[in-house]
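J.: Got a predicted structure here, sequence first:
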Amino acid sequence: MPIFEYTCEDCGTAFEKLVSRTSATEVNCPGCGHDHVKQEYSTFAARATEGSSAAPQMGGCPAGMCGNPGMCGRNN
């Protein structure tokens, strides 16, 4: 089952939940209990072992993927 990220439109709580898309699963906010949630775009991180050429070293981004400083918010 994939992990989806949500934000509650009532109280603003951000949370993650394992959700099966094959069944109609209702997602409720863990903060206020309401079901007015919005699915957010999920992000991921790629890691490579030291010495590996899989992740290019650009801009000093911790994930090694940002060629433009400030793009991912970590290179400010």
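T.: Good, I have the coordinates.

J.: I figured residue 37 was touching residue 29, is that so?
T.: Yes. Residue 37 is within contact range of residue 29, at 5.9 Å (criterion: C-beta atoms under 8 Å). In this view, the C-beta of every residue, glycine as well, is placed from N, C-alpha and C.

J.: joint contacts of those two?
T.: Counting by C-beta atoms under 8 Å, 6 or more residues apart in numbering, the common neighbours of residue 37 and residue 29 are 6, 8.

J.: which residue packs closest to residue 30, ignoring adjacent ones?
T.: Closest residue in space to residue 30, ignoring its immediate chain neighbours: residue 15 at 5.5 Å, by C-beta to C-beta, 6 or more residues apart in numbering.

J.: quick one: contacts for residue 15?
T.: The contact partners of residue 15, taken as C-beta under 8 Å, 6+ apart, are 5, 6, 7, 8, 29, 30, 31.

J.: Recalculate using a threshold of 10 Å.
T.: Shown in contact with residue 15 (C-beta atoms under 10 Å, 6 or more residues apart in numbering): 4, 5, 6, 7, 8, 27, 28, 29, 30, 31, 37, 40.
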